[in-house]
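Visitor: Need a 3D model of the following:
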Amino acid sequence: MVTTQVNAGREPLLTAETGQESDHAEDTAGQRAVREHLRAEALSKVRAAVASTSALTEADLSSYERIVLSEAALEQGGARTHEEKMRFLQQNVSLYIPQVIADARRMESQFLSMVSSLESKGMDRASAQRWRDWLKKDTRLWYQKKNFLTKNFPVLHSRWTRLLADEKTLETKIQSRKKASGKNPALEAYRATDYRSSSLSRREVIVNNALASLTAHESGRDALFAKAQSVLQGAAARGVLAPEKVSVWMRRIFQSNADDKLIADFLDGGGSNSLPSLVGRWAKVRGRFDAVEEKRTAGGGAQGFHFVTLDTFLRWHYDARTAYVEQAERRLQESPETAGYAVLLDIRRELDMEDWRSAQSLIEQAKKLPLSEKERGDLASMQQYLSTQQSLQPQTAQEKEHEADPNADMFKALAELQQMNGSVYSLYTRAMARGIGPFSALCSLMYNRCWCRKQAIMEDSDEHLLREQAKEETKDVVEHGHRKTYENNYIPGYGNDAIRSQNQGEWSPQVLHIANDPGAQAALVAKCEAQQNNYSFKYWSTLIPENLGYSEHQYIVFNLHWRLKSGLRQAGALSNEAVVSRPASTKRKKETGAALAQAA
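Guide: Below you'll find the model as predicted:
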């Protein structure tokens with residue numbers, strides 16, 4: 001473990017080139033040569049990996065050369081002196097880059113093995129090759145590929161595995177089918193020339209329909225099949241059932257062990273578990289969804305809440321749909337500021353950020369509070385929403401690794417952040433040194449940029465224009481004071497004066513721009529600490545870090561935040577004095593409370 005004091009008691013100087021603070025004098029030619037040697041050694045490792053693996057490409061090499069290992073990136077990450085820069089480069093050579101390369105090679109090997117497995121089970125060669133070619137594309141950086149391989153591909157692999165097994169079952173049924181059985185529309189769709197080139201979803205529907213149809217025909221249930229299909233297609237036409245779910249239900253009905261009477265009762269019966277009753281419940285929850293959408297589009301949207309499209313909503317199972325509309329309805333209601341108001345709002349924020357662990361932690365805290373009956377209802381709704389949303393996605397390898405040691409994975413996530421953007425890394429480690437409250441507040445401000453993008457409120461060009469306008473508008477704010485209406489402020493050069501506390505009854509947005517400026521970072525972290533329990537501050541403040549592209553920003557919010565907060569909750573209060581640059585593989589939990597990689 002290496003401990004480094006950063007900016008401990010040093011007075012910052014202003015550099016002529018950037019107008020930003022610097023805390024060291026010009027270094028010597030010899031020192032620069034040492035760093036160039038280390039930089040070349042680090043790049044040679046990346047270059048060799050690019051030549052030997054498909055997962056890393058020239059785009060990654062260019063990113064390391066122009067961004068990660070550049071002098072500007074070193075200073076953004078808090079390395080000001082030659083010794084600090086040299087240490088960061090040494091860590092890249094000996095730890096960070098080898099770790100990235102090892103992860104890339106391991107995940108590439110697993111990915112190619114999984115694709116080969118699918119091919120051996122019947123996936124056509126063209127589809128398998130498309131997957132292999134995807135890995136080689138240099139239009140995505142490694143962190144983007146890693147996110148897909150970790151979260152999305154395992155789900156797709158499972159679906160492909162099921163489809164290929166179902167296709168084999170279908171082929172067996174076709175071979176044993178009597179030639180004089182007549183035409184079968186569902187079977188004709190499977191035999192069509194464009195079947196193999198169809199999307200995975202369409203192939204799943206075709207195979208499900210064919211299996212259900214053949215099974216019904218084999219048992220002489222053609223009339224029941226036609227009736228069930230009519231009811232389910234009618235439900236889909238009414239918009240209460242996803243069209244692709246019709247085939248799933250058909251297969252479920254006719255591949256069950258139920259006899260003709262049970263199936264007929266299910267299709268015609270009046271019991272609570274009959275198909276007509278189910279369709280009725282689906283229609284009611286769809287009606288609630290429509291009411292939510294009507295109120296949302298009329299201007300009553302709840303900022304931060306992840307409203308979904310109708311297609312997504314209908315694809316969910318019934319429990320998830322019910323939990324969603326109940327939570328959405330409660331979000332759209334005005335909530336009185338009662339005893340449990342603040343913690344319930346914090347839980348909402350964590351749910352909106354899809355940080356299920358933080359939300360569950362706060363729910364457990366809220367259960368111990370003297371909540372009103374309405375608040376307990378809100379809390380139960382949140383718990384149900386959390387449970388159903390978690391159930392929609394299987395646990396990823398990343399989540400399993402994190403659960404094994406949240407502390408070690410926190411440091412691994414920090415190392416990943418340091419590689420992505422040194423300035424944001426410096427800001428985050430400052431906030432994490434203050435504890436989970438200030439850091440969670442900072443995470444909320446970062447998430448709000450994602451919300452604005454999702455709502456098409458801002459794009460890249462808008463953000464650039466806002467930043468330039470903020471440099472002028474902030475002067476007026478500092479001179480005349482904050483307004484209670486919309487503000488757009490630039491923190492560097494103005495510090496705390498540029499940040500509205502949102503504690504004077506303001507219920508309007510403020511956009512905050514921050515750059516690689518130690519003073520600005522310190523001011524923002526101090527404000528997050530002071531306002532960590534102020535929901536208005538966390539709700540209305542949007543942070544846009546300069547030189548952080550939106551794809552990287554989004555990755556940090558949805559892939560690193562939960563890992564950092566979970567590890568920080570376990571660690572408790574971290575040192576405000578020292579920074580420990582700790583290898584991500586270290587697992588000694590007793591040392592966690594001693595440090596993070598930045599002095600506050």
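Visitor: Now Ser391: closest residue in space that isn't a chain neighbour?
Guide: Excluding the flanking residues, the one nearest Ser391 by Cβ to Cβ, 6 or more residues apart in numbering is Ala320, at 7.2 Å. For the C-beta atoms, the positions are set from N, CA and C on the backbone; glycine is no exception.
Visitor: now Ile263
Guide: Leu224 (5.4 Å).
Visitor: Name the SS class of that neighbour, please.
Guide: With DSSP: H, G, I helix; E, B strand; the rest coil as the basis, the three-state label of Leu224 is helix.
Visitor: Likewise for Tyr385?
Guide: Once three-state DSSP is applied, Tyr385 turns out helix.
Visitor: looking at it, the residue nearest to Ser391 is touching Gln390, isn't it?
Guide: No - using Cβ atoms under 8 Å as the test, Ala320 is too far from Gln390 to be in contact (10.0 Å).
Visitor: which of these two has more neighbours?
Guide: Ala320 (19 against 16; other Cβ atoms under 10 Å).
Visitor: so where do the strands sit in the protein?
Guide: With DSSP state E applied, the chain shows strands at 2-4, 13-14, 21-22, 487-490, 510-514, 541-545, 579-581, listed in chain order.
Visitor: quick one: contacts for the nearest residue to Val231 once chain neighbours are set aside?
Guide: Distances taken as Cβ to Cβ, 6+ apart place Leu275 nearest to Val231, at 5.8 Å, with adjacent residues excluded. Leu275 is in contact with 228, 231-232, 266-267, counting by Cβ atoms under 8 Å, 6 or more residues apart in numbering.
Visitor: ok, so what distance separates Leu275 from Ala223?
Guide: To Ala223, Leu275 is 15 Å away according to Cβ to Cβ, to the nearest Å.
Visitor: Over to Lys565?
Guide: 57 Å.
Visitor: swap in Ser444?
Guide: 58 Å.
Visitor: How about His402?
Guide: 53 Å.
Visitor: For those two, indicate the residue with more neighbours.
Guide: His402 (21 against 11).
Visitor: excluding its backbone neighbours, what's nearest that one?
Guide: Using Cβ to Cβ, 6+ apart, the closest residue to His402 is Asp409 (4.3 Å).
Visitor: Contact partners for that neighbour?
Guide: Asp409 makes contact with 401-402, 563, 566-567, 584, according to Cβ under 8 Å, 6+ apart.
Visitor: again with Ser444
Guide: Ser444 touches 349, 353, 538-539, 541, counting by Cβ under 8 Å, 6+ apart.
Visitor: Between those, which sits nearest Lys374?
Guide: Each of those was scored against Lys374 by Cβ to Cβ, and Arg349 proved nearest at 19.4 Å.
Visitor: per-residue confidence for the residue lying closest to that closest one once chain neighbours are set aside?
Guide: Closest residue to Arg349 apart from its sequence neighbours, by Cβ to Cβ, 6+ apart: Ser444 at 5.5 Å. Here, the pLDDT recorded for Ser444 equals 95.
Visitor: swap in Thr57?
Guide: Per-residue confidence at Thr57 stands at 93 (pLDDT).
Visitor: contacting residues around the nearest residue to it once chain neighbours are set aside?
Guide: What sits nearest to Thr57 in space, not counting adjacent residues and going by Cβ to Cβ, 6+ apart, is Asp138, at 3.7 Å. Neighbour list for Asp138: 57-59 [criterion: Cβ under 8 Å, 6+ apart].
Visitor: what about Glu375, distance to Glu487?
Guide: Distance from Glu375 to Glu487, by Cβ to Cβ: 32 Å.
Visitor: So which of the two has more stuff around it?
Guide: Shown here are Glu375 and Glu487; by other Cβ under 10 Å, Glu487 has more neighbours (23 against 20).
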